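[1] Got a predicted model here, sequence first, then my questions.
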Amino acid sequence: MSEVTRLVHDRPYSKGAVSPPIYQTSLFTFDNYAALLERFRGDSDHAIYSRVDNPTVKILIDKMVELECGEAAAAFASGMSAISSAILSVVQSGDRILCVNHIYPDAYQFLRGVCAGLGIVTEFVDGTDIDAIEARLTGAQLLYLESPSTWVMQEQNIAAMAKMARAQGVISIVDNTWASPLFQKPLTCGIDMVVHSASKYISGHSDAVAGLVVGKKELIENMKHNVCAYLGGKLSAQEAALLIRGLRTLPLRMQRHQDSALLLANRLADRADVENVYHPALEKPGFSQLSGYGGLFSIEVIDSVNIEKFCDSLSVFRLGVSWGGYESLALPVAASMQQTTQYCSAIDFEVSPRLIRLFIGLEDPEDLWHDLDHAFQNSQ
């Protein structure tokens, strides 16, 4: 059975329901002392408390394990909860993290702020420089990757990096949100854990905030028992049900995002008022673990384009953070970096202040093109 069919079809649920039941409960009771004791001993999978296990969340987890070709997974209340839990399950005070440049700004701030405050050192490196990464892996406990990366959509050779990390006994984590588990499967390349902001493509409807971590069973169990249970960033049953709903249409949506974004990225690359287009399909790095492309890319506009006028002239595109839903979005880097903290700025990311990130939603791509063209005409 194909991956697409497995996403759409579930086993029959109670009373013939085609959608899974939502276990909206804080705890689960036991019929007798022996059953309770069995659960505490770890000899039973009976749910006990929704902070640590919930049947609706487990359905989502099982689907993600299959999609990412992993062994186990955990679900969280946000992408940042997933990222921070995964990182803190690997490192402790005195450890060193090697991280590629251009990661998600909040993850960057977590490393520069919270981790630094805990005595965990993070060293940043060009994700395209394999030799530099290999040389600086020595003595690190964690290699953190994001491919393609934030703002410039830079693809990294995660298979080569996973091999290098494993050779030196370094745990590797990849943020796979951009590609989704349909277009990139880092665990099959040797990566140890994959993180997702499930608020993006996995939800697909801009109505849920969630995060996921998938990976080796021993690493996930360590994270669940030693980090997740105490940080408390659990995913609710309601939002898990929304993510399960989103997964059913993920293949159809990803195909639409890919086709529309490629069409617009290629057209924008031919415009005189666009200096650069940052889309992995246009970069052709000579290697790729991607089997497809999402709807997120960036453009760098020329100096004569007034970015504020450009943004205010958009009518189909909305201005907003996040992405991965049905709606198209624009986010200028100059505005985005205004709300960052002392740990993050445009200088840290070494990106042009004339960069505008575009997310291509599910609208008619011709309507989106006319909207962009109109905005450019009004911005000169």
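    Here it is on my side, so go on.
[2] Could you check how far residue 83 is from residue 126?
    Taking CB to CB, to the nearest Å as the measure, residue 83 and residue 126 are separated by 21 Å. Any C-beta I mention is one placed from the backbone N, CA and C, and that applies to glycine too.
[3] Which pLDDT does the model give residue 339?
    Residue 339 is assigned a predicted lDDT (pLDDT) of 59.
[4] cool, and residue 287?
    According to the prediction, residue 287 has pLDDT 81.
[5] Neighbours of it, how many?
    13 (other CB atoms under 10 Å).
[6] Residue 83 and residue 126 - which one has more neighbours?
    Set residue 83 next to residue 126 and count neighbours by other CB under 10 Å: residue 83 wins out with 27 against 14.
[7] Tell me which residues touch that one, please.
    104, 106, 107, 110, 175, 195, 211 (CB atoms under 8 Å, 6 or more residues apart in numbering).
[8] The third one: which element?
    Counting by DSSP states H and E, the element that carries residue 107 is helix 105-109.
[9] and that helix, what does it pack onto?
    In terms of contacts (3 or more CB pairs under 8 Å, 6 or more residues apart in numbering; DSSP states H and E), helix 105-109 is packed against helix 79-88, helix 346-349.
[10] Throw those into JSON lines and include mean pLDDT, thanks.
    Below are the helices and strands packed on helix 105-109 laid out as JSON lines (pLDDT from 0 to 100):
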{"stretch": "helix 79-88", "mean pLDDT": "97"}
{"stretch": "helix 346-349", "mean pLDDT": "56"}
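[11] Just the mean pLDDT for stretch 243-262, thanks.
    97.
[12] contacting residues around it?
    Residues outside stretch 243-262 that contact it (CB under 8 Å, 6+ apart) are 3-4, 7-8, 19-20, 56, 59-60, 63, 67, 180, 182-183, 198, 201-205, 208, 210, 279, 281, 292-297, 326, 360-363, 365, 368.
[13] try 6 Å
    4, 7-8, 60, 63, 180, 182, 198, 202-204, 210, 281, 292-295, 360, 362, 365 (CB atoms under 6 Å, 6 or more residues apart in numbering).
[14] how about the CA coordinates for the longest helix anywhere in the chain, as CSV?
    Assignment by DSSP state H gives helix 250-269 as the longest helix of the chain. The C-alpha trace of helix 250-269 is given here as CSV (Å, rounded to 0.1, in the frame of the first residue of the first chain):
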residue,chain,number,x,y,z
LEU,A,250,-0.8,16.4,3.1
PRO,A,251,0.2,14.8,-0.3
LEU,A,252,-2.3,16.8,-2.2
ARG,A,253,-1.4,20.0,-0.5
MET,A,254,2.3,19.5,-0.9
GLN,A,255,2.0,18.9,-4.6
ARG,A,256,0.0,22.1,-5.0
HIS,A,257,2.5,24.1,-2.9
GLN,A,258,5.4,22.7,-4.9
ASP,A,259,3.9,23.4,-8.3
SER,A,260,2.7,26.9,-7.6
ALA,A,261,5.9,27.9,-5.8
LEU,A,262,8.1,26.6,-8.6
LEU,A,263,6.0,28.5,-11.2
LEU,A,264,6.3,31.8,-9.3
ALA,A,265,9.9,31.4,-8.3
ASN,A,266,11.0,30.9,-11.9
ARG,A,267,8.9,33.9,-13.0
LEU,A,268,10.3,36.1,-10.3
ALA,A,269,13.9,35.0,-11.2
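[15] Could you list the buried residues of stretch 311-323?
    Counting neighbours by 16 or more other CB atoms under 10 Å, one finds that the buried residues in stretch 311-323 are 311, 313, 314, 316, 317, 323.
[16] which residues touch the last one?
    Right, residue 323. By CB under 6 Å, 6+ apart, the residues touching residue 323 are 296, 329, 359.
[17] what separates the spatially most central residue of the chain from residue 150, distance-wise?
    Nearest to the geometric centre of the chain sits residue 177, at 2.5 Å (CA atoms, centre = their mean). Applying CB to CB, the value for residue 177 to residue 150 is 10 Å.
[18] circling back: which residues does the closest residue to the residue nearest to the centre of the chain other than its chain neighbours bridge with?
    Spatial nearest neighbour of residue 177, excluding adjacent residues (CB to CB, 6 or more residues apart in numbering): residue 197 at 4.7 Å. Judged by DSSP bridges, the bridge partners of residue 197 are residue 211.
[19] Surely residue 150 is in contact with residue 107?
    No. In this structure residue 150 lies outside contact range of residue 107 using CB atoms under 6 Å: 8.7 Å.
[20] Would you mind measuring from residue 50 to residue 281?
    Taking CB to CB, one finds residue 50 at 42 Å from residue 281.
[21] Could you tell me the phi and psi values at residue 73?
    Main-chain torsions, residue 73, degrees, to the nearest 10: phi -160, psi 160.
[22] Pull up the gap between it and residue 182, please.
    16 Å.
[23] And the two? Which one has more around it.
    Taking neighbours as other CB under 10 Å, residue 73 and residue 182 compare with residue 73 leading, 27 against 21.
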